[in-house]
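1. Sequence unavailable; structure follows:
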């Protein structure tokens, strides 16, 4: 008994010492970050300023957000990197973008302790950590669409009642939409012919194409169109617009969002502090609550009715060649001029 | 006299060349380089891929109809307005100033969205009203078409055409028209045989600028053409750079090169057509006084037409903007919408510290950029018009270089260039980029004004012992005041809403208003976007009033 007690004390003491060491390390890390002054963050994500502000207030390190659209992300990061002027300490983008940057040597290895509770599949490698899914769903105008008419399956979008009533991002070039359509093939439809039948039916309903997801909710809100292939997060950001999402029997899908520190970060300690903060429950809760994002921190959900119970799948990352190839094919199928 | 003029020409070639050549050169390198940057192994693959795409030729056909239709319509409308305002006794002339300026201040994206809200075939307000009034089954208008694009783009280009044509008409020597009438010609015949031919340089300038601008335009093709599945060069380029994540700007630059060649060809054609500029001189040392054509019974109907145009250009889009900024989300006007109106979007915009910083930066860039741009434009326009050498032609082509490149690509050229310099990520990179790209906005109004000023005036001053600089300051510049004011207004309004360069060159601390607009647009926050759009209109209005007042004061002082 006495031995057991001594052993227990030893273990507790070791844990306490390890904890104290860790805290001391954290403090030292934070002091270093503070000495560096700021963490520059390149991303293309909505309304993250509150997180940046909270980071600055909580850590004493100034967070600086530069929003770079996805189409310019790789060009900007690589141009700056090759000229020795990459200003970003941390980069956040869709997974394929970070994969490309990693290949060019832009990313550094960093495994954040804040992501310890995240599912194992979110740790791509030593450099890239997944933290969210850019989830896509069918968003409809709940004042104009009767509950009985709301689609129950993706196939319902091919019904003639939706002719001229759908809005979606251009399937010939919008990477997330292209990936989503491929995701349907790989995760929802039983066979390729079934999937192609769906595509034909959707195309026959003459959806209105817009440049990206951003302009998809407005025509639905105003009643110009009734339904959009869009993102549920707009139910949060556009409240009190009469938007709701169709609870389908099939899974929801989206492209993974990833974060990493850069290999030549001007402020390396601040970069690590930023990633830790970003991946914390507090930040992820803000992202989910304020922006409606689907995050991968366990137990954190956006305040959208029914989302907790939805099955959300991360789509397989498509290479650029695949996106270009499928974009060209969808251009034909959807008769995009 | 040839020596100082030559010196001036070559100095300007050096300055303008330094501003405009490098980004285009970087893009050219990128178009011949393997990989995603400007410095890869030599390849012609990007040209082969870009020009063997079968879709490219359909896009070219659409683009030709779009740019020619837009330029023709905007030039005709501008001529109509400029003539009525400067040469007739039409009432409420103050309205013309407003028509010519306000649409230029509305961010193009919002202008296009406003028209989509009014004329979309599903629930466009104008379509709904017409369906109800005439019991129609189908919407009479579909904005999502090539004709819809031409209509909206022409309205957007109209102010620029007007600002080029109105000063030229204002300094028109009416003795020519009086002579025509004395010889028995009526008002119409005089207009067609005397007024319009004499104004040929200004008309061609407006038309050329319209073509170049609509070639580079993105907002209308994206917001109206894309939903209507009408692809033009700008959206073709967008599709090219946005398919996949590793954007190949070199391939887009390869397509952009043909736009550049088309624009430079246009400039050469323009120079040839206006080569004998003496023919167009109307302000000589003999003095001139403008007299007004009496419209008689046509006065009120013509004013009605102008009123209708004002509704289309200003009232409807601005009303839609105001309305959208007050309703919580995009909704059709009605009792419910009005009951839900509030200031939430205004609070969100005005309490955002980045918006306030962007406001400060945009104001600085507009005032400093327009002032430097106009000062440079006076000299460049002087050389282009008055020094008829090949070097002057080279200068004119150089001034169009960055401007002619599709906006969606030129920003990357500037980034590739500035990243090699210490100016990268500073506000000075934005300032230089703005001036380099939009110099023709300053040069065009000044050139058409210079063309109309007879060299006798200048020669008399020189004979009396004044230096070329003194002559420019004491004789030429006072006569150019309308052109200077027009150029300053064009540049300042452009800089307040400039997006294509800013989106690439802006960094934390150098945010500008258009970047905020883009953020709101990407997030689909139309309410905030509209509120900020109104703020931009108010800022531009302030700048325009300021420029006009200073211009008037200067004219009085000079007189």
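-> Here it is on my side, so go on. Source: prediction; values computed, not measured.
2. mind checking how far the spatially most central residue of chain B is from chain A?
-> Central residue of chain B (Cα atoms, centre = their mean): residue B:160, 5.0 Å from the mean position. Residue B:160 sits 25 Å away from chain A, going by Cβ to the nearest Cβ, to the nearest Å. The way it works is simple: take the backbone N, C-alpha and C, and place the C-beta from them, glycine included.
3. now do residue B:402
-> Between residue B:402 and chain A the distance, using Cβ to the nearest Cβ, works out to 18 Å.
4. Same check on residue B:99?
-> From residue B:99 over to chain A (counting by Cβ to the nearest Cβ), the distance is 28 Å.
5. I figured that residue hits residue B:313, correct?
-> Yes: under the criterion of Cβ atoms under 8 Å, residue B:99 makes contact with residue B:313 at 5.7 Å.
6. Now for those two: what residues contact both?
-> The contact sets of residue B:99 and residue B:313 do not overlap (Cβ atoms under 8 Å, 6 or more residues apart in numbering or on different chains).
7. what sits against residue B:517?
-> Counted by Cβ under 8 Å, 6+ apart, residue B:517 has contacts B:107, B:109-110, B:497, B:499, B:529, B:532-533, B:536.
8. Could you give me the buried positions within the host helix or strand of the residue nearest to the centre of chain B?
-> Assigned by DSSP states H and E, residue B:160 falls within helix B:146-170. By 16 or more other Cβ atoms under 10 Å in any protein chain shown, the buried positions in helix B:146-170 come out as B:146, B:148-170.
9. In contact with residue 168, which residues?
-> Chain wasn't specified; assuming chain A. Neighbours of residue A:168 in contact, by Cβ under 8 Å, 6+ apart: A:177, A:207-210, A:216, A:228-230.
10. Let me rephrase: I mean chain B.
-> B:82, B:199, B:201-202, B:448-449, B:452.
11. Tabulate these (a markdown table), appending pLDDT and secondary structure.
-> Below are these laid out as a markdown table (pLDDT from 0 to 100; DSSP: H, G, I helix; E, B strand; the rest coil):
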| residue | pLDDT | secondary structure |
| --- | --- | --- |
| B:82 | 86 | helix |
| B:199 | 81 | coil |
| B:201 | 80 | helix |
| B:202 | 83 | helix |
| B:448 | 72 | helix |
| B:449 | 76 | helix |
| B:452 | 68 | coil |
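12. can you put those in a markdown table and add distance to residue B:377?
-> Formatted as a markdown table, the contacts of residue B:168 follow (distance: Cβ to Cβ, whole Å):
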| residue | distance to residue B:377 |
| --- | --- |
| B:82 | 20 |
| B:199 | 20 |
| B:201 | 16 |
| B:202 | 16 |
| B:448 | 12 |
| B:449 | 11 |
| B:452 | 16 |
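13. Write the ChimeraX selection for whichever of those residues are buried.
-> Here is the ChimeraX command that selects the buried residues among the contacts of residue B:168 (16+ other Cβ under 10 Å):
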select /B:82,199,201,202,448,449,452
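14. can you tell me the helix or strand for the nearest residue to residue B:437 once chain neighbours are set aside?
-> Spatially, and ignoring its direct neighbours in sequence, residue B:437 is nearest to residue B:402 (4.4 Å; Cβ to Cβ, 6 or more residues apart in numbering or on different chains). According to DSSP H and E, residue B:402 maps onto helix B:390-404.
15. who does that helix touch, helix- and strand-wise?
-> Applying 3 or more Cβ pairs under 8 Å, 6 or more residues apart in numbering or on different chains; DSSP states H and E, we find helix B:390-404 packed against helix B:2-31, helix B:200-216, helix B:249-273, helix B:353-386, helix B:407-418, helix B:427-451.
16. Residue A:270: which of those is closest?
-> Relative to residue A:270, the nearest member of these by Cβ to Cβ is helix B:353-386, separated by 20.4 Å.
17. roughly how far out does that closest one sit from the chain middle?
-> 14 Å (Cα atoms, centre = their mean, to the nearest Å).
18. quick one: average pLDDT of that helix?
-> Averaging pLDDT along helix B:353-386 yields 91.
19. Quick check: the residue nearest to the centre of chain B touching residue B:207?
-> No: in this structure, residue B:160 is not within contact of residue B:207 by Cβ under 8 Å, at 11.0 Å.
20. Out of the contacts of residue B:168, which is nearest to residue B:303?
-> Out of the contacts of residue B:168, the member with the shortest distance to residue B:303 (by Cβ to Cβ) is residue B:82, at 15.2 Å.
21. Now for that closest one: which residues touch it?
-> Per Cβ under 8 Å, 6+ apart, neighbours of residue B:82: B:162, B:165-166, B:168-169.
22. got it, and residue B:39?
-> A:82, B:29, B:33.
23. Return the per-residue confidence for the nearest residue to the last one once chain neighbours are set aside.
-> The one in question is residue B:33. Spatial nearest neighbour of residue B:33, chain neighbours left out: residue B:40 (3.5 Å); criterion: Cβ to Cβ, 6+ apart. Looking at residue B:40, its pLDDT stands at 72.
24. how close does residue B:40 get to chain A?
-> For residue B:40 relative to chain A (Cβ to the nearest Cβ), the value is 11 Å.
25. Any chance of CSV for the contacts of residue B:82, columns distance to residue B:224 and pLDDT?
-> Listed next are those as CSV, based on distance: Cβ to Cβ, whole Å; pLDDT from 0 to 100:
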residue, distance to residue B:224, pLDDT
B:162, 22, 86
B:165, 26, 84
B:166, 28, 82
B:168, 31, 77
B:169, 31, 78
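26. Tell me the spatial nearest neighbour of residue A:320, not counting adjacent residues.
-> In space, residue A:320 is closest to residue B:244, 3.9 Å off (Cβ to Cβ, 6+ apart).
27. Near the one you found, how many other residues are there?
-> Applying other Cβ atoms under 10 Å in any protein chain shown, we find 25 residues neighbouring residue B:244.
28. rewinding a little: ok, now which ones touch the residue nearest to residue B:33?
-> With contact set as Cβ under 8 Å, 6+ apart, residue B:40 has these partners: B:33-34, B:250.
29. quick revisit: among the contacts of residue B:517, which are within reach of chain A?
-> Counting by Cβ under 8 Å from any Cβ of the partner chain, the subset of the contacts of residue B:517 that neighbours chain A is empty.
30. Kindly reformat the residues you listed as TSV containing secondary structure and distance to residue B:340.
-> Shown next, in TSV, are those (DSSP: H, G, I helix; E, B strand; the rest coil; distance: Cβ to Cβ, whole Å):
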residue	secondary structure	distance to residue B:340
B:107	coil	25
B:109	helix	24
B:110	helix	21
B:497	coil	29
B:499	coil	31
B:529	helix	18
B:532	helix	20
B:533	helix	20
B:536	helix	25
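31. near chain A, which residues of the stretch 351-500 of chain B show up?
-> B:352, B:354, B:412, B:415-416, B:419-420, B:424-425.
32. Now do the strands in the stretch 151-300 of chain A.
-> For the stretch 151-300 of chain A, the strands defined by DSSP state E, counting those that start in this stretch cover A:166-169, A:208-210, A:227-230, A:243-245, A:252-261, A:294-295.
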